[in-house]
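S.K.: One predicted model, sequence on top.
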Amino acid sequence: MVGLTGVAAQHIALVTPKKMLIIDKAENNPAKLPNGMAAHTVEYDLETNKYRVLDVATNTFCSGGGFLPNGTLISAGGAESRVG
């Protein structure tokens, strides 16, 4: 094993040559937000094999996404908003 991503990959995108965006649904992931809730999204560094937790306010389960021509990543849809 090279590194731990902190969340399972429901969606994964290479956003720079050295970084991936990993999005999961609301699960009990090992990666945690500062408030102690499980993280849904991380930025994973392919050089250091470490992740940085990103705060996503909605449950991305059943969402879809893609890149616009200008490079912007869109994630649309999903389930209910996070409470708490």
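M.R.: It's in.

S.K.: And the lowest-mean-pLDDT helix or strand in the chain, what does it pack against?
M.R.: One helix or strand of the chain scores below all others by mean pLDDT, DSSP states H and E: strand 73-77, with a mean of 80. When contacts are defined as 3 or more C-beta pairs under 8 Å, 6 or more residues apart in numbering; DSSP states H and E, strand 73-77 packs onto strand 11-16, strand 63-67. The way it works is simple: take the backbone N, C-alpha and C, and place the C-beta from them, glycine included.

S.K.: mind checking how far the residue nearest to the spatial centre of the chain is from Ala79?
M.R.: What sits nearest the mean C-alpha location of the chain, by C-alpha atoms, centre = their mean, is Thr41, with 2.2 Å. To Ala79, Thr41 is 14 Å away according to C-beta to C-beta, to the nearest Å.

S.K.: How about Lys25, nearest residue that isn't a chain neighbour?
M.R.: Counting by C-beta to C-beta, 6 or more residues apart in numbering, Lys25 lies nearest to Phe61, which is 3.5 Å off, once chain neighbours are set aside.

S.K.: Asn59 - how many residues pack around it?
M.R.: 18 (other C-beta atoms under 10 Å).

S.K.: Let me know how buried Ile22 is, in neighbour terms.
M.R.: As a burial measure, Ile22 scores 23 neighbours (other C-beta under 10 Å).

S.K.: Tell me where the protein is predicted with low confidence.
M.R.: Along the chain, the parts satisfying pLDDT under 70 run over 1, 80-84.

S.K.: please redo it, this time with the cut-off set to 50
M.R.: Within the chain, the segments meeting pLDDT under 50 span 84.

S.K.: how about the helices in it?
M.R.: Using DSSP state H, the chain contains no helices.

S.K.: List the residues that contact the residue lying farthest from the centre of the chain.
M.R.: Most distant from the centre of the chain: Pro69, at 21.3 Å, with distances by C-alpha atoms, centre = their mean. Not one residue lies near Pro69 by C-beta atoms under 8 Å, 6 or more residues apart in numbering.

S.K.: For the closest residue in space to Leu14 that isn't next to it in sequence, the count of nearby residues, please.
M.R.: Counting by C-beta to C-beta, 6+ apart, Met20 is the residue found nearest to Leu14 once chain neighbours are left out, at 5.5 Å. Using other C-beta under 10 Å, Met20 has 17 neighbouring residues.

S.K.: Nothing else from me, thank you.
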